[in-house]
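**Student:** curious how this folds, go ahead:
(one chain, ligands or ions: 3)
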Amino acid sequence: MSTPAPREPRGPVDSSRIPRYAGPATFARLPRLDEVGTADVAVVGVPFDTGVSYRPGARFGGNAIREASRLLRPYNPAQDASPFALAQVADAGDIAANPFNIDEAVETIEGAADDILGTGARMMTLGGDHTIALPLLRSVAKKHGPVALLHFDAHLDTWDTYFGAEYTHGTPFRRAVEEGILDTEALSHVGTRGPLYGKKDLTDDEKMGFGIVTSADVMRRGVDEIADQLRQRVGDRPLYISIDIDVLDPAHAPGTGTPEAGGLTSRELLEIIRGLASCNLVSADLVEVAPAYDHAEITSVAASHAAYELTTIMSRQIAASRG
Ligand SMILES: N=C(N)NCCCC(=O)O
Ligand SMILES: [Zn+2]
Ligand SMILES: [Zn+2]
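**Tutor:** Ligands and ions are numbered 1, 2, ... in the order given. Alright, predicted model coming up:
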């Protein structure tokens, strides 16, 4: 069924009239949600990093990505689309999660995501550590049932606990599988690499249903073949994409908490995302940007472009569903 667009979407501030560097930063200089009332795609910051096992600082990731996104332009030639004209994309501000209590923060994030998804919007979250994927997936699964997951990350993030803690940035996807909120026929990690605690990390992960496309696979087989494989695995299921910016090589993303050598280039990441444009992308996150370790916004520029491709996919699908 097609629903008419309520009105012309309000797009970004016109950078030919107001210089890009002027004014407070929203994602891509888009309007705030309270300026437009409702959004088809809500871009949301999640300033939370109490779940990290190494360098802290991803609580500042969302705002760093917003700052770096000032240079994004309204037409996306790689997808031949003007994402902010096809649908209303708006910056919904930040979720105020308790930095001193992970359990409470996880509940707050889930509740805030419920509120956003309850309006009918798709959600693109910026910043935070990978802990936040669990409450976001819980919320998405309440709406769509168990979802397909493509998880771009150097790490598996299917470990069990750290120091006895169940909710950490290394454990969200094991919890999600345990909770039955993922479609175990359609799960894949992409960009996996680096030392593990033991071989059991891999066998456990496989038992949970995950496929693995390693960083070396991307290099050897190329982005088109990898995107084809991922599209086949996902089919037409509702898809959640979780991007940990450490999927990129530290040369492309130094500003992150647990860097691993031998990662994807930003070009490879962007091309794989574009190759997923026909998938039914219901929501996405972009986590683990820790600007304190960044230089010249290398990491947050890459993150802002990845989020731009993801929001473009969502906007195109919303426009297509309206007919
Ligand atoms: N999710 C991220 N970025 N990292 C997980 C690292 C797990 C560890 O410290 O062993
Ligand atoms: Zn991660
Ligand atoms: Zn990671």
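
**Student:** dump the residue contacts of the residue in the stretch 1-150 of the chain positioned nearest to ligand 2.
**Tutor:** Of all residues in the stretch 1-150 of the chain, residue 130 sits closest to ligand 2, at 3.5 Å by Cβ to the ion. Where C-beta positions appear, they are placed from N, C-alpha and C, glycine not excepted. Contacts of residue 130 were listed using Cβ atoms under 8 Å, 6 or more residues apart in numbering, and they are 51, 153, 155, 157, 169, 170, 172, 242, 244, 287, 288.

**Student:** and it, how far from residue 154?
**Tutor:** Counting by Cβ to Cβ, to the nearest Å, the gap between residue 130 and residue 154 amounts to 11 Å.

**Student:** any residues in contact with both of those two?
**Tutor:** Contact criterion Cβ under 8 Å, 6+ apart; residues shared by residue 130 and residue 154: residue 244.

**Student:** do a quick rundown of the strands in the protein.
**Tutor:** Shown for the chain, the strands assigned by DSSP state E span residues 41-45, 89-94, 122-126, 147-152, 182-192, 210-214, 238-244, 280-287.

**Student:** residues contacting the spatially most central residue of the chain?
**Tutor:** Most central in the chain under Cα atoms, centre = their mean is residue 285, positioned 2.1 Å from the mean C-alpha point. By Cβ under 8 Å, 6+ apart, the residues touching residue 285 are 46, 124, 125, 126, 128, 132, 133, 136, 241, 242, 243.

**Student:** which one is the fifth one nearest to, not counting chain neighbours?
**Tutor:** In space, not counting the residues next to it along the chain, residue 128 is nearest to residue 46; the distance is 3.7 Å by Cβ to Cβ, 6 or more residues apart in numbering.

**Student:** what is the burial count for that neighbour?
**Tutor:** Residue 46 has 31 neighbours, counted by other Cβ atoms under 10 Å.

**Student:** ok, now residue 319?
**Tutor:** Taking other Cβ under 10 Å as the definition, residue 319 ends up with a neighbour count of 18.

**Student:** I'd like to know how far it sits from residue 245.
**Tutor:** Using Cβ to Cβ, one obtains 28 Å as the distance from residue 319 to residue 245.

**Student:** for residue 246, give me its contacts.
**Tutor:** Taking Cβ under 8 Å, 6+ apart as the definition of contact, the neighbours of residue 246 are 153, 154, 155, 253, 256, 257, 258, 259, 260, 263, 288.

**Student:** out of those, which are close to ligand 1?
**Tutor:** Applying Cβ under 6 Å from any ligand atom to those, one finds that 155, 257, 258, 288 fall near ligand 1.

**Student:** what's the closest of those to residue 19?
**Tutor:** Set against residue 19, the nearest of these by Cβ to Cβ is residue 288 (30.4 Å).

**Student:** can you pull the contacts of the residue lying closest to the closest one once chain neighbours are set aside?
**Tutor:** In space, residue 288 comes closest to residue 244 once its chain neighbours are excluded; the distance is 4.6 Å by Cβ to Cβ, 6+ apart. Residues counted as contacts of residue 244 (Cβ under 8 Å, 6+ apart) are 130, 151, 152, 153, 154, 155, 157, 256, 287, 288.

**Student:** quick one: name the residues of the stretch 201-323 of the chain near ligand 2.
**Tutor:** By Cβ under 5 Å from the ion, the part of the stretch 201-323 of the chain that sits against ligand 2 consists of residue 244.

**Student:** can you pull out the low-pLDDT segments for the stretch 201-323 of the chain?
**Tutor:** Low-confidence segments of the stretch 201-323 of the chain, defined by pLDDT under 70, are absent; every residue clears the threshold.

**Student:** closest residue of it to ligand 2?
**Tutor:** Among residues of the stretch 201-323 of the chain, the one nearest ligand 2 by Cβ to the ion turns out to be residue 244. It sits 3.5 Å away.
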